[in-house]
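Chemist: Sequence first, then the predicted structure:
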Amino acid sequence: MKKKNLITPAWAASAMLWVGALLVLGGCTKDRIIHGQLSPIQMITSSEFQNIDSIVVDENGNIYVSDIQSVSIFSTDGTLISKIGQQGSDDGEFTNEVIGLSINSQNELYVVDQDGFRVQAFDLNGNFLRTFGEKGQGEGQFLEPQGITIDALNLVYISDKLRNDVQVFSRGGEFLYQFGKSGVKGSGLNEPESMAIAGNLLYVADEENQRVQIYDLRGRHQGHLPHSGIFAMDKKLEASLDDVVHHPDVDKKFHRFLDGDIEGVAFDGSGLLYILNEDAGEIIVFHEEIMVGIFTSDQPIQSGDGLAFDSNSQHLYVVDQGNSRVQVFEVQAIYQLLGL
């Protein structure tokens, strides 16, 4: 992967010098960013929702939503089919909040039992299969497991907000390796959350650093998406403002689009990356590491969290945590809105 040509910290000594340089690139401003609003085509709700967090959709269109001590399963039309789990520490039970969800190629559902310091696996009917993990700072142990994703080889990637790393396990739960802690500036993680895989690259929501880190699947750092930037019609003129301090003359003209908590990250079938900014209630869309647009819902998203696509990428599912619902959008409508 070609790394970003990021502005170096040495150039950030004077923000005003950058203002002058950036203004030369006429038109590369907020006005060039496509920013629109969509109506959801469906709302998935339940009177039993308490604090929903993550979401995943199986190949049959069934929707799995994590909550307090359970995972709720809905049909495509939003009908509640069944629930997995209850409070407890036995196999198939959850200590408190259920966080990340992911499904592998064998139709096994992996569930992050955060306060149980473990990951549990089920079949899609909710039958318990296996568990791995325990509390600690050693290999294969967790302090605050958060995000989960699974690659084409069924290797399981778990991010940990307190360990500030990603650990990788076999399908059966054997620890393989970890990464994310690094002495190299800019390559480490600080409170990592959601993750998504595209090809041989892993994208990690590096929440406290307000960026998305990029690694290959063996943990070698490949760069990061800038959390702010200017955008021209010519993508070659794109630049990052990551190292420019906040200043009115900069902020009123150029857009810092990942200020705030970064929650869900997901790829659609065409390789576009979607990032949910929890604080702003907006979804940012990237193509080949270039931001192509931002959209919001006309039913405001409050404390948004997980993102997921169905198997044919026709629909985007957004966990609207603060409103105890899941909003569903047509991907084709997103493309039309953003001119993709």
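Modeler: Sure, I can see it. Numbers count the residues shown, from 1 in each chain.
Chemist: Now do the SS call for residue 47.
Modeler: coil (DSSP: H, G, I helix; E, B strand; the rest coil).
Chemist: The protein: helices as residue ranges?
Modeler: Applying DSSP state H to the chain gives helices spanning 15-23, 248-251, 331-338.
Chemist: Any regions of the stretch 51-200 of the chain where pLDDT drops low?
Modeler: 183 (pLDDT under 70).
Chemist: rank the helices of the chain by pLDDT, which is bottom?
Modeler: Per-stretch mean pLDDT for the helices of the chain is lowest at helix 15-23 (a mean of 34).
Chemist: how near is residue 275 to residue 159?
Modeler: To residue 159, residue 275 is 15 Å away according to C-beta to C-beta, to the nearest Å. In this view, the C-beta of every residue, glycine as well, is placed from N, C-alpha and C.
Chemist: quick one: which of the two has more around it?
Modeler: A direct count of neighbours by other C-beta atoms under 10 Å for residue 275 and residue 159 places residue 159 higher, at 30 against 26.
Chemist: from what I can see the more buried one touches residue 145, true?
Modeler: Yes. Residue 159 lies in contact with residue 145 (C-beta atoms under 8 Å); the separation is 7.4 Å.
Chemist: so what's in contact with these two at the same time?
Modeler: Common neighbours of residue 159 and residue 145, using C-beta atoms under 8 Å, 6 or more residues apart in numbering, do not exist here.
Chemist: in the sheet, who's paired with the residue lying closest to residue 225 once chain neighbours are set aside?
Modeler: With sequence-adjacent residues excluded and distances taken as C-beta to C-beta, 6 or more residues apart in numbering, residue 225 is closest to residue 212, at 4.3 Å. Counting by DSSP bridges, residue 212 is bridged to residue 205, residue 225.
Chemist: if I read this right, residue 212 contacts residue 206, doesn't it?
Modeler: Yes. Residue 212 is within contact range of residue 206, at 6.5 Å (criterion: C-beta under 8 Å).
Chemist: joint contacts of those two?
Modeler: In contact with both residue 212 and residue 206: 224, 262, using C-beta under 8 Å, 6+ apart.
Chemist: Residue 92: what's it in contact with?
Modeler: By C-beta under 8 Å, 6+ apart, the neighbours of residue 92 are 84-85, 120, 122, 128.
Chemist: So what pairs up with residue 325 in the strands?
Modeler: residue 45, residue 320.
Chemist: Pull up the distance across stretch 150-157, start to finish.
Modeler: Separation of the first and last residues of stretch 150-157 by C-alpha to C-alpha, to the nearest Å is 6 Å.
Chemist: Pull out the buried residues from it.
Modeler: 150, 155-157 (16 or more other C-beta atoms under 10 Å).
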